[in-house]
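> Quick one, what's the 3D model for this:
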Amino acid sequence: MASSSVSGASTPASSSVDSSATPGSLTASLLRARPYRFATQVATVDNPDPSHKDQHGSSSVPIYQTATFKGMGGQYDYSRSGNPTRSHLEHHIAKISSARHAFAVTSGMGALDVIFRLLKPGDEIIAGNDLYGGSNRLLTYLKTHNGIITHHVPTTDPLALLPFLTSPTSNVAMVLLETPTNPLLQIADIAAISALVHQHKPNAIVVVDNTMMSPYLQRPLEHGADLVYDSGTKYLSGHHDLMAGVISCNREDIAKGIGFTINSIGNGLPPFDSFLLLRGIKTLALRLDRQQATSHVVAAYLHKLGFKVNYPGLAGHPGKTIHDRLASGAGAVLSFETGDKALSERIVGAARLWGISVSFGCVNSLISMPCLMSHASIDPKIRKERNLPEDLIRLCVGIEDADDLIDDLEAALLEAGAIRVMDEAGARSSLERVKPESEREQDALIAGLENVSVEGGVDTLIVSAPGKVILFGEHAVVHGITAIAGSVDLRCYCLAEARQDGRVGLSLPDLQFEQTWDIASLPWDLVTPSAKAPRADSTPDASLVAALSGKFVDGVPSQAAQAAVAFLYLYLNLSEHKRPAQTFTIRSALPIGAGLGSSAAFSVCVASALLYTHEHLALPLLPPAAPTLHHGRRAVTVEQADVVNAWAFSSEKILHGTPSGVDNTVSAHGGAIGFTKAVKGRDGGMEGLHGFKSIRFLLTDTKVPRDTKTLVAGVARRKLEDPDLVNPILQSIQAISDEARRCLSDSDMERAMQFSTLEKLIDANHDHLVSLGVGHPALEAVKAKAGEHAWGLHTKLTGAGGGGCAVTIIPDDFEEASLDSLKAALAADGFETYETTVGGSGFGVLLRSSTSSSIEVEGGAERVTLPDTARFRGAGTADLAAWAAGGRWAFV
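Now for the predicted structure:
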């Protein structure tokens with residue numbers, strides 16, 4: 001099948017300039033040499049074959065409604081391979097798309113199917129995490145039946161693609177983009193991503209679904225994309241009276257493959273549909289101008305009412321600057337959230353002029369709920385992971401009168417109870433949004449807190465931070481190798497209380513340590529207090545650390561002494577505006593010194609408590625609904641977590657010398673991450689992983705003490721002394737981390753395959769760590785016990801090794817009775833076990849307790865109160881989680 005090709009932009013028929021022409025004719029020639037603007041080009045259909053002339057001079061392209069053509073050796077013989085009506089259409093699409101080649105097929109998904117046939121088994125795709133539901137369904141089919149896996153990443157961040165583009169074991173052959181995405185209107189930088197892909201994977205194809213924009217507003221080939229497709233059913237047709245898909249490209253090799261596939265499978269667009277699509281395209285600019293203008297009005301109307309609106313035309317829309325660089329308009333699709341799924345259903349059901357339908361791009365306006373309609377084929381769990389709100393309403397704006405559309409939408413909002421009229425005689429400005437109950441609860445608390453005044457700022461506060469488990473990459477992470485780690489369901493807790501005696505105190509009941517210091521006598525002359533977050537590559541002030549170690553914690557047991565020095569170091573540096581008298585009591589539900597990040601959780605607790613009580617960070621607002629422990633509302637911002645993490649990292653350096661930074665990062669931010677430390681001029685980074693959350697692990701504390709500093713230094717020394725042995729091991733660990741990251745990022749991977757892959761990686765990583773000299777007989781005993789025939793589980797050491805903890809993966813179908821018997825067997829051998837999941841919340845702040853009495857303040861509002869602090873100090877470590885569950889927490 002031959003594609004339709006064009007070269008250059010359309011211009012008037014005569015473009016030559018006669019040097020002997022008169023001034024008037026010269027001006028006329030120059031004017032005619034100018035290329036036509038888009039609105040003219042799109043309305044003007046050129047003849048792709050000058051030798052082909054309609055004998056009757058038809059002003060419209062005729063419909064060649066025939067399956068075959070007579071004769072031999074002609075341009076056309078069979079309409080599956082080519083048809084004059086379709087050729088005119090394809091030539092026209094290429095022209096308006098800045099393309100050399102264009103193809104028309106029977107649907108948008110048919111176009112994507114043809115594109116995917118350029119791939120082969122074993123290839124990998126990178127795609128966004130906010131995709132059209134049909135695209136997601138086809139990607140799942142490819143994985144199941146063709147062995148082509150897809151890595152879903154947030155394409156709003158080009159760097160999110162790097163781990164898959166740079167991994168030596170990845171086989172990325174295609175990158176699939178939507179921008180703006182459907183239905184969240186997220187923006188991907190086509191130019192930046194295309195450059196990144198072509199730099200690292202020169203043979204990979206960048207594909208852009210341009211349906212939301214059409215060639216009128218955005219032409220991705222001009223920004224570096226290799227292949228573009230549109231659902232012609234949408235804006236190109238504009239009337240929803242046909243199904244079509246179009247493909248455009250510039251590369252000859254891609255065009256050849258596309259043409260071969262279309263001719264082979266026979267999904268070229270039929271002649272009559274080609275005629276209809278060509279007719280619809282002529283009015284594309286006219287229709288979209290009207291639709292886009294009305295979309296701005298609708299988006300501004302909803303935004304003014306207080307709804308969260310997703311539309312690139314609104315100031316402040318994430319990625320707007322990028323979108324404005326790529327496209328000439330914001331389009332005619334927008335979405336908004338109501339905060340309540342049932343309310344959204346009532347709004348959609350009450351609309352009249354807005355037709356309830358999937359699809360978009362029609363001259364008639366449409367309304368839908370993507371999670372119930374166009375994206376219903378995506379698993380609800382995956383929709384949640386990709387932050388697709390169940391209450392989201394999508395509006396596809398047509399060409400109707402803007403006032404009529406607003407009137408109908410307003411009537412639907414009123415009938416559904418989403419808004420109310422404040423002035424019956426007034427205009428629309430008298431309307432008010434009726435907030436869902438969860439938002440009203442939050443507003444009521446905020447109003448109450450405005451009446452609360454605490455002298456000197458926050459006087460009492462409770463924070464908590466999770467421990468961590470490193471599943472892959474221990475020790476290697478210090479040398480720039482990626483570590484895969486996540487937070488666990490065991491936490492450290494810190495109670496900060498005001499004192500009145502001019503002293504600051506630290507109490508560590510789990511270490512039998514308690515001490516206070518006179519604030520005035522602390523070495524203030526050695527520090528310049530500042531809340532500015534320290535750089536990751538900075539080092540703690542050695543003179544201040546030495547002064548604190550030599551004078552203020554002299555004679556204290558080593559473990560507690562290091563903690564006290566780190567605490568005082570942060571207290572001194574964060575006392576920029578005031579030096580409050582305080583006591584910090586810190587408890588740990590984590591086994592201390594077992595390699596589960598107890599010191600990092602301590603550091604995050606201290607840093608966050610000091611930053612809040614010293615008023616460097618504003619306390620987060622109360623979450624709108626009661627959270628469950630460790631999975632509470634995400635009311636603490638990432639920006640606050642970054643500040644806390646920076647100070648916690650300084651504390652970790654005092655505790656451990658040269659930590660990797662992964663422990664405190666996981667404790668501060670929570671979740672599961674792929675963490676790469678910046679070393680020797682190479683950039684580091686952190687990538688969120690979401691596949692851990694439903695996987696159970698058994699943590700086993702061998703109770704064998706170990707010296708982390710010595711173990712880390714030992715591996716570094718071996719690397720210097722025997723690089724030929726150690727460097728290949730580190731590279732093998734990198735490959736393991738890369739494979740684990742791909743496995744955990746692949747939401748379409750079958751569960752059994754995911755577990756099988758992780759089990760093999762766990763065994764391989766453990767063997768490598770033993771080769772680095774950080775194993776221990778107790779860890780081998782745990783691994784051997786869990787691997788016995790009765791259980792058959794896979795285990796590895798975690799953390800620094802040399803003792804500490806082992807981690808065992810637990811399959812979904814593993815019987816609870818068997819797990820209990822394994823725990824009992826390990827306990828009989830003197831080990832202690834903890835069952836956990838990985839990837840929960842980061843540090844948290846307790847905002848209100850349901851187990852303690854309230855304190856009334858002015859206006860009858862309720863002041864933030866705390867659980868029983870006496871119980872906190874005396875509770876057993878196993879009871880700390882139950883104690884903390886009495887309050888309401890805001891988490892990262």
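
> Report the buried residues of stretch 696-705.
Phe697, Leu698, Leu699, Thr700, Asp701, Thr702, Val704 (16 or more other C-beta atoms under 10 Å). (C-beta placed from N, C-alpha, C; glycine too.)

> Looking at those residues, which are in strands?
Phe697, Leu698, Leu699, Thr700, Asp701 (DSSP state E).

> Report the two members of these separated by the largest distance.
Phe697 and Asp701 (13.2 Å; C-beta to C-beta).

> ok, Gly804 touching Val782?
No: if you go by C-beta atoms under 8 Å, Gly804 and Val782 don't touch, sitting 10.6 Å apart.

> joint contacts of these two?
Thr702 (C-beta atoms under 8 Å, 6 or more residues apart in numbering).

> Could you report the distance from Leu131 to Ile190?
Distance check for Leu131 against Ile190: by C-beta to C-beta, to the nearest Å, it reads 16 Å.

> Looking at those two now, which is surrounded by more residues?
Neighbours per residue, other C-beta atoms under 10 Å: of Leu131 and Ile190, the larger number sits with Ile190, 28 against 24.

> Would you mind measuring from that one to Ser237?
Relative to Ser237, and taking C-beta to C-beta, Ile190 is found at 24 Å.

> again with Ile654
In terms of C-beta to C-beta, Ile654 sits 66 Å off from Ser237.

> ditto for Gly804
64 Å.

> Show the contacting residues for Ala225.
Leu177, Ile190, Ser194, Val206, Val207, Val208.

> Please repeat the previous calculation with a cut-off of 10 Å.
175, 177, 190-191, 193-194, 197, 205-208, 210, 219, 248-250 (C-beta atoms under 10 Å, 6 or more residues apart in numbering).

> next helix or strand past the longest strand along the chain?
In the chain, assigned by DSSP E, the strand with the most residues is strand 483-498. Note on strand 483-498: by DSSP states H and E, the next helix or strand toward the C-terminus is strand 503-508.

> Adjacent strands (with direction) for that next one?
strand 513-518 (antiparallel), strand 582-588 (parallel) (DSSP bridges).

> So for Thr155, which of these sits nearest?
Between these, strand 582-588 lies closest to Thr155; by C-beta to C-beta that is 39.7 Å.

> Just the C-alphas of stretch 127-143, formatted as CSV.
Output in CSV follows, covering the C-alpha atoms of stretch 127-143 (Å, rounded to 0.1, in the frame of the first residue of the first chain):
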residue,chain,number,x,y,z
ALA,A,127,3.6,4.9,28.5
GLY,A,128,1.9,7.4,30.7
ASN,A,129,-0.1,6.6,33.8
ASP,A,130,-3.2,8.6,32.6
LEU,A,131,-4.1,6.9,29.4
TYR,A,132,-7.4,6.4,27.5
GLY,A,133,-9.0,3.3,28.7
GLY,A,134,-9.0,1.6,25.3
SER,A,135,-5.2,2.2,25.0
ASN,A,136,-4.7,0.6,28.4
ARG,A,137,-6.8,-2.4,27.4
LEU,A,138,-4.7,-3.0,24.2
LEU,A,139,-1.5,-2.7,26.1
THR,A,140,-2.7,-5.4,28.5
TYR,A,141,-3.5,-7.6,25.5
LEU,A,142,0.0,-7.1,24.1
LYS,A,143,1.6,-8.2,27.4
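
> check contacts around Asp501.
So Asp501 contacts Thr516, Asp518, Ile519, Ala581, Thr583 (C-beta under 10 Å, 6+ apart).

> Reformat the residues you listed as TSV; add distance to Trp889 and pLDDT.
Putting those into TSV (distance: C-beta to C-beta, whole Å; pLDDT from 0 to 100) gives the following:
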residue	distance to Trp889	pLDDT
Thr516	29	94
Asp518	34	94
Ile519	30	94
Ala581	26	93
Thr583	22	94
